[in-house]
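Enquirer: Provided below are the primary sequence and the corresponding predicted coordinates.
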Amino acid sequence: MPRVLIVAYGNPLRSDDGVGWVVADELHRRLASPEVEVVRLQQLLPEVAESVSRVETAIFVDASRDGDPGDIRCQPVAAPPARIQFSHQLSPAEVLGLASQLYGATPQALCVTLAGECFEHGEGLSEKVAARLPLLAAAAEQLTKKILAGPLASSLPSQEDEAAS
Amino acid sequence: MKQGRTIVIDPVTRIEGHSKITLHLDEDGAVEEARFHVTQFRGFEKFCEGRPFYEMPSLMARICGICPVSHLIASAKACDALLAVTIPPTAEKLRRIFGLAQVVQSHALSLFHLSSPDLLLGMDADPAKSNLFGVAEENPELARDGIRLRQFGQEIIERLGGKRIHPAWIVPGGVSEPLTEVNRDAILSAIPDALGIVERTLEWFKGRMENFREEIASFGNFPTMFMGIVKQDNGLTFYDGKIRIIDAAGKVVADALDPKRYFDYIGEKVEPWSYMKSTYYKPVGFPDGIYRVGPLARLNVADRCGTPRADQELAEFHELQRTAVLSSFHYHHARLVEMLYCVERMEQLLNDSEILSQRVRAVARPNALEGVGACEAPRGTLFHHYKIDEQGLIRWCNLVIATGHNNLAMNRSILQVAKHFVRGNHLTPGMLNRVEAVIRTYDPCLSCSTHALGEMALRIELLSPSGELLDEVARG
């Protein structure tokens, strides 16, 4: 039974938006363990809440539009917003909210993001993002190992943690 | 002088894709006209020209993230026709299972995630709560059931096709890999749970219908024809058969039409105010040749389902009205009956003695220059029509999509709902939600419906505040 679920999501046909998928492949190789499950999704749907409800920690890996291209950030996932207009996709916070509401589960959750430069049609990553890919994979790997090894709370960043400069 | 006003609902929420609705009011504030504008633009028919035909299933699956499997099936069937092969029986059964799994997940998305807020919380519910989270708060079991049922469908697609979205397992001539015993047993083990979910949701839904008498009476409740593919014995099917059309009285208008000759009896019209084409039954003409497709139409044209529980529910469904069941509100009900059929039928197919056969693909070179593939997608009848050259490159492509078949009916439904519920001087969220909700009954997939590029008529009108035409530019 996995303890950590890594949810890498984005659209691999939208250039840097696919960074999560590339990292997922790398993490799948580096973190091969029954305690870790890595999934690749195009977007977060309600079904993810059920998967998240079954683990101790969920790590969401995504491309971000915020920050300078190449910026890597690791943040705890905040509580869901008061007003939700669900149509087809959810935010990590909304996934957590559903996991709590429907399954009574309150796993720890983190969001690891890499700011993208190009979100146009295309299968490749921009140079800046590609150059930061090893750091993103390393950050997610270290975070997962830390979570698996130690007391959960102490391994999580309190507010916002710049994983790499 | 009093002037008319226009109410715009933009975007329409909880549907697949992007659209807007305009309601034109007369000078007294009553709804005079309503239009459903599909505002997104694709281009699949055009940009596939020049591509090798065997790429088509994978290319066409990209039309939609909700029903890629239907496009895969229709496309692969068109390619089978280009190869001029009969695919192995096991491949056909596996394709059927694949398609049925997709219907379950797509119908579950429509019913549980998009429409259950209206059905559970009511049409006048606080818009801030009228979503899946509101459902989770009010009836967590219903929300969990929706999630589980969609997972069920998605997991089957993943087990067969290797991934949940845009799997490329269906190929010209059959499928690329046989079913393994492990996957068959895993799917079979999940069937009782899925069946239980559909059964209790059906009971829940039937118990709720009493609360929606006014909506049943006004949500697309008008006479049209209904069209769907049925088996040779007029039974429900999603994969293959003949086209059957009935009228509002339930009488057969056309039977045993060949899906490969769809262009003989289905016309397509482009309207200047939408990227979605409107189809009509040619012998009657436009717009009187209006017909509906999808769950409501399929249950109207089918005499039987062919599985025990679904047959019971179909008989009950047919009792809703002595003629054809006309109200589009009953699309929801029909969706549930179809999910029941799909789960039962998958169990039958998975228990077939040949289902693990290794013979799943016929290999051939192109033997025909033109091919048509048709199937029933979750939202209705789907046609793919290709022409290739001697090198096997696509030279022409036409796609007739379920949502397009329903375009005329959707516009008329919006007008009916708007006339009934909307009064210009007293707008409420509940009124506007009903206008959107009638669209949701059809579960339109606008990504699918706006695939065309090229011969699109375009008209730009410049109107004065009083409605006088000042200038006009037209092309196409």
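Expert: Done, it's in. Numbers count the residues shown, from 1 in each chain, chains lettered A, B, ... in the order given.
Enquirer: you'd agree B:F219 is up against B:T441?
Expert: Yes. Taking CB atoms under 8 Å as the definition, B:F219 is a contact partner of B:T441 at 6.0 Å. The C-beta positions use only the backbone N, C-alpha and C, and glycine is treated the same way.
Enquirer: low-scoring stretches of chain B, by residue?
Expert: Along chain B, the model assigns pLDDT under 70 to residues B:1-20, B:29, B:37-42, B:65, B:163-166, B:273-275, B:424-427, B:445-476.
Enquirer: ugh, wrong one, I meant chain A
Expert: Across chain A (using pLDDT under 70), the flagged ranges come out as A:79, A:81-88, A:151-165.
Enquirer: which stretches of it form helices?
Expert: Counting by DSSP state H, chain A has helices at residues A:19-30, A:47-52, A:92-103, A:127-149, A:152-155.
Enquirer: Look up the residues that both of B:F219 and B:T441 are in contact with.
Expert: Counting by CB atoms under 8 Å, 6 or more residues apart in numbering or on different chains, the residues touching both B:F219 and B:T441 are B:S328, B:F329, B:S413.
Enquirer: May I ask which of those has the most neighbours?
Expert: The most neighbours of any of the shared contacts of B:F219 and B:T441, using other CB atoms under 10 Å in any protein chain shown, belong to B:S328, which has 31 neighbours.
Enquirer: Can you pull the phi/psi pair for the residue nearest to that residue when sequence neighbours are not counted?
Expert: Among residues not flanking B:S328 along the chain, B:G220 sits closest, at 2.9 Å (CB to CB, 6 or more residues apart in numbering or on different chains). Phi and psi for B:G220, reported as degrees, to the nearest 10, are phi 60, psi 40.
Enquirer: Then B:V230?
Expert: phi -130, psi 160.
Enquirer: So what sits opposite it in the bridge?
Expert: B:L236, B:K242 (DSSP bridges).
Enquirer: Next one: it relative to chain A, how far apart?
Expert: Remark: distance between B:V230 and chain A (CB to the nearest CB, to the nearest Å) = 32 Å.
Enquirer: ok, the residue nearest to B:S328 - contacts?
Expert: B:G220 makes contacts with B:292, B:326-329, B:409-410, B:412-413, B:416-417, B:438, B:441-442, as judged by CB under 8 Å, 6+ apart.
Enquirer: Export those to JSON lines and append columns for secondary structure.
Expert: Formatted as JSON lines, those follow (DSSP: H, G, I helix; E, B strand; the rest coil):
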{"residue": "B:R292", "secondary structure": "strand"}
{"residue": "B:L326", "secondary structure": "coil"}
{"residue": "B:S327", "secondary structure": "coil"}
{"residue": "B:S328", "secondary structure": "helix"}
{"residue": "B:F329", "secondary structure": "helix"}
{"residue": "B:A409", "secondary structure": "helix"}
{"residue": "B:M410", "secondary structure": "helix"}
{"residue": "B:R412", "secondary structure": "helix"}
{"residue": "B:S413", "secondary structure": "helix"}
{"residue": "B:Q416", "secondary structure": "helix"}
{"residue": "B:V417", "secondary structure": "helix"}
{"residue": "B:V438", "secondary structure": "helix"}
{"residue": "B:T441", "secondary structure": "helix"}
{"residue": "B:Y442", "secondary structure": "helix"}
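Enquirer: Redo the residues you listed as TSV? Include distance to A:Q89.
Expert: Listed next are these as TSV, based on distance: CB to CB, whole Å:
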residue	distance to A:Q89
B:R292	30
B:L326	35
B:S327	31
B:S328	27
B:F329	27
B:A409	29
B:M410	24
B:R412	31
B:S413	27
B:Q416	32
B:V417	28
B:V438	24
B:T441	23
B:Y442	22
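Enquirer: Identify the spatial nearest neighbour of residue 91, chain neighbours not counted.
Expert: Picked chain A for this. Leaving aside its chain neighbours, A:S91 sits nearest to A:L44 (6.9 Å; criterion: CB to CB, 6+ apart).
Enquirer: Let me rephrase: I mean chain B.
Expert: Beyond its immediate neighbours in the sequence, the residue positioned closest to B:A91 (CB to CB, 6+ apart) is B:G174, lying 3.3 Å away.
Enquirer: Figure out the helix or strand that the residue lying closest to B:S115 once chain neighbours are set aside lives in.
Expert: With CB to CB, 6+ apart as the criterion, B:S115 has its nearest non-adjacent residue at 5.2 Å, and that residue is B:R440. Counting by DSSP states H and E, the element that carries B:R440 is helix B:429-442.
Enquirer: residues of that helix that come out buried?
Expert: Within helix B:429-442, the residues that qualify as buried by neighbour count (16 or more other CB atoms under 10 Å in any protein chain shown) are B:430-442.
Enquirer: so who does B:A418 touch?
Expert: Neighbour list for B:A418: B:L23, B:V31, B:A34, B:V435 [criterion: CB under 8 Å, 6+ apart].
Enquirer: ok, it to B:V438 distance?
Expert: Plainly put, B:A418 is 9 Å away from B:V438 if you go by CB to CB, to the nearest Å.
Enquirer: contacting residues around the spatially most central residue of chain A?
Expert: Of all residues in chain A, the one closest to the mean position by CA atoms, centre = their mean is A:F60, 1.6 Å from it. By CB under 8 Å, 6+ apart, the contact set of A:F60 is A:V7, A:A8, A:Y9, A:L44, A:V77, A:P92, A:V95, A:A109, A:L110, A:C111, A:V112.
Enquirer: Contacts only, for the closest residue to the third one other than its chain neighbours.
Expert: Closest residue to A:Y9 apart from its sequence neighbours, by CB to CB, 6+ apart: A:L41 at 4.3 Å. With CB under 8 Å, 6+ apart as the criterion, the residues that contact A:L41 are A:V7, A:A8, A:Y9, A:V48.
Enquirer: what about A:G124, how many residues close to it?
Expert: 12.
Enquirer: circling back: go through the shared contacts of B:F219 and B:T441 and name the one nearest A:G67.
Expert: A:G67 has its nearest neighbour among these in B:S413, at 45.9 Å by CB to CB.
Enquirer: which residues does that closest one contact?
Expert: The contact partners of B:S413, by CB under 8 Å, 6+ apart, come to B:F219, B:G220, B:F222, B:S328, B:V438, B:I439, B:T441, B:Y442.
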